[in-house]
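Novice: coords below, sequence missing:
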């Protein structure tokens with residue numbers, strides 16, 4: 001039994017030292033303009049999810065999704081997020097695609113995360129991704145407003161959809177073909 005345990009410990013030490021040597025010898029790709037291996041993407045996203053679940057306060061937004069708060073959140077998004085996560089005219093952000101991993105295009109593919117998780121990521125950022133922590137730039141109220149804007153992208157009230165269309169000349173994700181068809185009549 002002792003030899004078995006010693007064998008397991010030695011095997012683990014060789015794997016850890018081998019992986020460390022692989023990285024320190026420059027054999028592990030670190031460039032941002034190539035697709036990461038599947039195991040790396042899975043491991044990284046699992047680590048982000050586990051960290052967020054463990055450290056984010058599971059709180060409800062103190063900011064209600066009123067028309068004005070959603071419009072304010074839209075403005076915060078436009079000024080601070082659109083350059084990496086896609087503009088409100090539904091054009092992907094070229095800058096965000098150059099990150100590793102590429103920044104999610106939130107207007108084209110709205111997040112399905114609960115508000116507490118989105119708020120935590122916006123407020124604290126994600127290390128090694130280019131996603132900055134906004135806690136020193138945006139007020140907590142602004143972080144909540146952009147959070148509720150993102151969580152309501154596909155169900156924006158008519159007044160907010162009208163503001164979006166007037167201000168940005170594009171239909172909303174909530175509008176879709178049905179909203180555009182209604183606008184033609």
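Specialist: It's in. Computed from a prediction, not measured in an experiment: that's the story for all the values here.
Novice: For the spatially closest residue to residue 62 that is not a sequence neighbour, what are phi and psi?
Specialist: Distance criterion Cβ to Cβ, 6 or more residues apart in numbering; nearest residue to residue 62, sequence neighbours excluded, is residue 144 at 6.5 Å. Where you see a C-beta, it was placed from the backbone N, CA and C, and this is true even at glycine. Here is the backbone geometry of residue 144 (degrees, to the nearest 10): phi -60, psi -40.
Novice: pLDDT score for residue 144?
Specialist: Looking at residue 144, its pLDDT stands at 98.
Novice: and it, what is it in contact with?
Specialist: 61, 62, 63, 119 (Cβ atoms under 8 Å, 6 or more residues apart in numbering).
Novice: Would you map the helices across this protein?
Specialist: Under the criterion DSSP state H, helices of the chain are mapped to 2-24, 38-55, 67-80, 82-85, 94-97, 115-124, 140-151, 158-168, 176-184.
Novice: Need the ones you listed in TSV (columns: distance to residue 131).
Specialist: TSV is the format used below for the helices of the chain (distance: least, Cβ to Cβ, whole Å):
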stretch	distance to residue 131
helix 2-24	23
helix 38-55	10
helix 67-80	12
helix 82-85	8
helix 94-97	10
helix 115-124	7
helix 140-151	13
helix 158-168	23
helix 176-184	28
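Novice: among those helices, which is nearest residue 106?
Specialist: Closest approach to residue 106 among those (Cβ to Cβ): helix 82-85, 4.4 Å.
Novice: Nearest to residue 103, out of the helices of the chain?
Specialist: Nearest of the helices of the chain (Cβ to Cβ): helix 94-97, 3.3 Å.
Novice: Number of residues surrounding residue 4?
Specialist: By the criterion of other Cβ atoms under 10 Å, residue 4 has 8 neighbours.
Novice: That one and residue 13, how far apart?
Specialist: Going from residue 4 to residue 13 by Cβ to Cβ, to the nearest Å gives 15 Å.
Novice: what does residue 110 give?
Specialist: For residue 110, the distance to residue 13 - Cβ to Cβ - is 45 Å.
Novice: The two: who's more crowded?
Specialist: Using other Cβ under 10 Å as the criterion, residue 110 and residue 13 rank with residue 110 on top: 18 against 10.
Novice: can you pull the contacts of the more buried one?
Specialist: 150, 151, 153, 154, 173.
Novice: Counting neighbours, which of the residues you listed end up buried?
Specialist: 150, 151, 153, 173 (16 or more other Cβ atoms under 10 Å).
Novice: my guess is the first one meets residue 74, correct?
Specialist: No - proximity of residue 150 to residue 74 does not meet the contact threshold set by Cβ atoms under 8 Å, at 9.7 Å.
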